[in-house]
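Enquirer: Take this sequence and fold it.
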Amino acid sequence: MENIIEIKNITKEFKVLNRREGLKGSIKDLFSRDYKIVRAVDNISMNVRQGEIVGYLGPNGAGKSTTIKMMTGILEPTSGEIFVGGNVPYRNRTKNAQEIGVVFGQRSQLWWALPLVESFKILKDIYGVSDEDYDNMINLYKSLVDIEPLLHKPVRQMSLGQRTLSDILAAFLHNPKIVFLDEPTIGLDVSMKAKIRTLIHALNKEKNTTVILTTHDMGDVDALCQRIVIIDKGKMLYDNDIEHLKGFFGSYRTLKIRIDEDKEQSVKNIQSEFPDFSVSSDDEWIAVLVDEEKSKVMEVLSLLQKNYTIRDMKLEEIATEDVIKKIYEEGVQ
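Expert: Predicted coordinates for the structure are as follows:
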């Protein structure tokens, strides 16, 4: 399968003014040449094949958005090479824009006061979509989700979930080779998240569209991504499939207990008893992420039983979210 995206040793640096404090400092800054160089993306290389869904992950400020902006042609790399669909994005912005779809956060590309169908028709004309292709795509949408009630509804009257759904449909309308989705399910309820994940997966399968997904929601990653790329501080930490990633942390198990004692105080106490392990809680359970190379789960459970009244317990494999968190904190050795 051919590579639709090729990135070779790209770096992006920004010149940032060293700002002074106060009003006098602000006035001096107007004439200052005291700059520092910030490297937002640091020597990243990767290839993406046609039809892949790739989760592009990292903590806030890791360089994800900068990389996406270089792939979409908004920014030019400081050094290195980048090809998207055979184009150099920042040199062929018009051609690149015709072959990609983009949904950035909660910034809508739809016309606020117009019914959704009118936005679709405008996008149809902008991208030069034929009547036949447009009708086929609308019929496909109708087979995947119930969009009939939305087609004649002004965008300003839609809920956040309906608007996000509509934006994703708009991004796929001209049958692009690649769609970039930045936090597509942020702020949505569980039902709408599931609907949007199903839609993205179905469009990817039906049209063989490559999807680059940035998200902090590990539910999106588990539901959609065959492969994940993790960056932090501009450097690539990981590029492989999820199961391979979990292999790095195969000795980890999550021990969950339900106790009678005060949960908030108990979490603090358990964390102090097991400083090497991650301890958290939700409405029902206290979760202890146990590294069995350091302590066996049954040993930890036995120690907990001496200090707490355990009403229930369960053992789980390490979750994707916990794996990603540990990668952020420790990297991959």
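
Enquirer: For residue 151, which non-adjacent residue is spatially closest?
Expert: residue 117 (4.3 Å; CB to CB, 6 or more residues apart in numbering). Where C-beta positions appear, they are placed from N, C-alpha and C, glycine not excepted.

Enquirer: Tell me how many other residues crowd the one you found.
Expert: 14 (other CB atoms under 10 Å).

Enquirer: next one: residue 58
Expert: Counted by other CB under 10 Å, the residues lying close to residue 58 total 25.

Enquirer: Repeat that for residue 4.
Expert: The local packing of residue 4 (other CB under 10 Å) involves 22 other residues.

Enquirer: Correct me if wrong, but it is in a helix.
Expert: No. Using DSSP: H, G, I helix; E, B strand; the rest coil, the assignment for residue 4 is strand, not a helix.

Enquirer: which ones are touching it?
Expert: 48-50, 84-85, 177-178, 210 (CB atoms under 8 Å, 6 or more residues apart in numbering).

Enquirer: Nearest spatial neighbour of it, chain-adjacent residues omitted?
Expert: Of all residues not flanking residue 4 in the chain, residue 50 sits nearest, at 4.6 Å (CB to CB, 6+ apart).

Enquirer: So what does that neighbour have for phi and psi?
Expert: Residue 50 adopts backbone torsions of phi -60, psi 130, taken as degrees, to the nearest 10.

Enquirer: what about the strands in the stretch 1-150 of the chain?
Expert: With DSSP state E, counting those that start in this stretch, the ranges of strands along the stretch 1-150 of the chain come out as 3-17, 35-49, 53-57, 79-84, 100-104.

Enquirer: what are the ranges of the strands in the stretch 151-300 of the chain?
Expert: 178-182, 210-214, 227-232, 235-241, 252-259, 278-281, 286-291.

Enquirer: low-scoring pLDDT stretches of the stretch 101-250 of the chain, where are they?
Expert: Residue ranges of the stretch 101-250 of the chain with pLDDT under 70: 105-106, 246-250.

Enquirer: And the helices in it, which stretches?
Expert: Shown for the stretch 101-250 of the chain, the helices assigned by DSSP state H, counting those that start in this stretch span residues 116-126, 131-144, 148-151, 160-172, 190-207, 218-224, 242-247.

Enquirer: Throw these into JSON lines and include distance to residue 268, thanks.
Expert: JSON lines is the format used below for these (distance: least, CB to CB, whole Å):
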{"stretch": "helix 116-126", "distance to residue 268": "50"}
{"stretch": "helix 131-144", "distance to residue 268": "47"}
{"stretch": "helix 148-151", "distance to residue 268": "48"}
{"stretch": "helix 160-172", "distance to residue 268": "36"}
{"stretch": "helix 190-207", "distance to residue 268": "30"}
{"stretch": "helix 218-224", "distance to residue 268": "25"}
{"stretch": "helix 242-247", "distance to residue 268": "29"}
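
Enquirer: Quick check: which of these is nearest to residue 322?
Expert: Distance to residue 322, taken as CB to CB, is lowest for helix 218-224 among those, at 8.9 Å.

Enquirer: Okay, buried residues for that closest one please.
Expert: 218, 220-221, 223-224 (16 or more other CB atoms under 10 Å).

Enquirer: could you dump the residues you listed to JSON lines with distance to residue 204?
Expert: Shown next, in JSON lines, are the buried residues of helix 218-224 (distance: CB to CB, whole Å):
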{"residue": "218", "distance to residue 204": "19"}
{"residue": "220", "distance to residue 204": "13"}
{"residue": "221", "distance to residue 204": "14"}
{"residue": "223", "distance to residue 204": "12"}
{"residue": "224", "distance to residue 204": "8"}
